[in-house]
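In: sequence first, predicted model second:
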Amino acid sequence: MGAFDRPQDFEDFIGQENVVDTLEVKIASAQKRGRPLDHLLLQGRPGLGKTTLAYIVTRQMGVQIKVTSGPALTKAGDLAAILTSLEEGDVLFIDEIHRLPKAVEEALYPAIEDLAFDVIVGKGPGARLLRLSLNPFTLMGATTRISLISKPLRSRFTSILRLSAYDLDEVAEILDLYAGRLSLELDSNAKKELATACRGVPRNALQLLRHLRDLSVVSQRKGAIDGALVKRALEGLGIDSYGLDPVDRLVLTALAKKGRALGLRTLSLLVGEEESALAEVNEPYLVQMGFLELTPKGRVVTSEGCAAVGLPPPDSPPSLL
């Protein structure tokens, strides 16, 4: 197995205890009833383990999984090809399900409710509706922006499970596990620096470990990696002591200099980053840290956020020095 292979079962999966407990109950119930698992929606920031959990669920149920994403399903025919290939009990996992085109989403409804897929055969007055029967299956969706999922689609999921950011102890456990697989040894200060920098996201922790591995190989370093080396590595990546990356600092700086609330589109243009990336990656962490507030008028930087980038709050009087 590779150093960063996905966990194979719930026992190997670190964190998200409430979500894991719920999934185990639902799997046990489905197996005792001899039925496919209920349709599930997983929500949370990128890198928290939504796809990994989908694979574990599939393995626990003893079925196959077909993986796709909202942007990949550009037309109803794409969805039909996948649905008609599913065997009884299989899992269809749609990542970024909030980005499904409307026509594809609407074609999904009869599949969920009636195990059927409607196909229009022919054109014009002679066109007719052909209904294809589907095997019972489980739909698992994953989203980073649940607010963008339409109410009709959201209501068709039996359960919506939210994955939260990992705390420092959970991240430290993940770092210990995967550092060992990379033949790295981290002292307590190194783990603390890394746990802060990864922003409670396991995927970030693993990316930082890979970078440290490369540094240690190139520098032929022997012994445990300490906090000082981690700090130097993070500085090289543009990550500061708050765990802020260059885009985070651009966001806070733009808001502080404008001195007023800004909409997501305006902010995107100012910092040169896509709206979806700002909303899914940067804003959740900045809000969590207390550096950013989301208000009805737009995004507002806090005094703590200004301090983090070395700027005075927007409403502060100019310095006389």
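Out: Received, thanks.
In: only C-alpha atoms for contact and neighbour calcs from this point on.
Out: Fine.
In: do a quick rundown of the strands in the stretch 101-250 of the chain.
Out: 116-121, 128-133, 138-143, 159-162 (DSSP state E, counting those that start in this stretch).
In: which residues does Ser69 contact?
Out: 93-97, 100 (Cα atoms under 8 Å, 6 or more residues apart in numbering).
In: among these, which are in helices?
Out: With DSSP state H as the criterion, helices contain none of these.
In: so which of the strands of the stretch 101-250 of the chain comes closest to Arg45?
Out: strand 138-143 (8.0 Å; Cα to Cα).
In: who touches the closest one?
Out: 36-44, 50-51, 54, 89-98, 112.
In: one more: stretch 294-304?
Out: By Cα under 8 Å, 6+ apart, the list of residues contacting stretch 294-304 reads 252, 255-256, 260-264, 287, 290-293, 312-313.
In: let's see it at 6 Å
Out: 255, 261-263, 291-293, 313 (Cα atoms under 6 Å, 6 or more residues apart in numbering).
In: and what of stretch 81-99?
Out: For stretch 81-99, the external contacting residues (Cα under 6 Å, 6+ apart) are 36, 63-71, 135-143, 148-149.
In: buried stuff in that stretch?
Out: 83, 86, 89-99 (16 or more other Cα atoms under 10 Å).
In: over to stretch 103-117?
Out: 104-105, 107-109, 111-112, 115-117.
In: could you do stretch 213-221 as well?
Out: 213, 216.
In: i'd like the first residue to be 16 from this point on
Out: In the new count, where the first residue is 16, that last one comes out as stretch 228-236.
In: any idea how far it is from the middle of the chain?
Out: 30 Å (Cα atoms, centre = their mean, to the nearest Å).
In: using CSV, list the CA coordinates for that stretch.
Out: As requested, the backbone C-alpha atoms of stretch 228-236 are provided in CSV (Å, rounded to 0.1, in the frame of the first residue of the first chain):
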residue,chain,number,x,y,z
ARG,A,228,9.7,14.8,3.1
ASP,A,229,11.1,16.4,0.0
LEU,A,230,13.1,19.0,2.1
SER,A,231,14.5,16.3,4.3
VAL,A,232,15.6,14.1,1.3
VAL,A,233,17.2,17.1,-0.5
SER,A,234,19.0,18.4,2.7
GLN,A,235,19.9,14.8,3.8
ARG,A,236,18.6,15.7,7.2
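In: any idea of the mean pLDDT for that stretch?
Out: Averaged across stretch 228-236, pLDDT comes to 80.
In: ok, Phe172 touching Leu55?
Out: Yes: here Phe172 lies in contact with Leu55, judged by Cα atoms under 6 Å, at a distance of 5.4 Å.
In: neighbour count winner among the two?
Out: Leu55 (21 against 17; other Cα atoms under 10 Å).
In: return the distance of the most centrally placed residue in the chain relative to Arg218.
Out: The residue lying closest to the centre of the chain (Cα atoms, centre = their mean) is Pro61, at 1.9 Å. Between Pro61 and Arg218 the computed distance is 8 Å (Cα to Cα, to the nearest Å).
In: so who does the residue nearest to the residue nearest to the centre of the chain when sequence neighbours are not counted touch?
Out: Once flanking residues are discounted, Pro61 sits nearest to Thr159: 6.4 Å by Cα to Cα, 6 or more residues apart in numbering. By Cα under 6 Å, 6+ apart, the contact list for Thr159 reads 58-60.
In: roughly how far apart are Ser318 and Val262?
Out: 18 Å.
In: same check on Glu308?
Out: In terms of Cα to Cα, Glu308 sits 17 Å off from Val262.
In: if we can go back for a sec, which of the contacts of Thr159 has the weakest pLDDT?
Out: Within the contacts of Thr159, pLDDT is lowest for Arg60, at 90.
In: does that one count as helix, strand or coil?
Out: coil (DSSP: H, G, I helix; E, B strand; the rest coil).
In: count of neighbours near it?
Out: There are 23 residues near Arg60, going by other Cα under 10 Å.
In: quick check, pLDDT for the residue lying closest to it once chain neighbours are set aside.
Out: Ranked by Cα to Cα, 6+ apart and with sequence neighbours excluded, the top spatial neighbour of Arg60 is Thr159, at 5.1 Å. You'll see Thr159 listed with a pLDDT of 92.
In: sorry, back to before: any idea which of the strands of the stretch 116-265 of the chain is most buried?
Out: strand 153-158 (a mean of 25; mean count of other Cα atoms under 10 Å).
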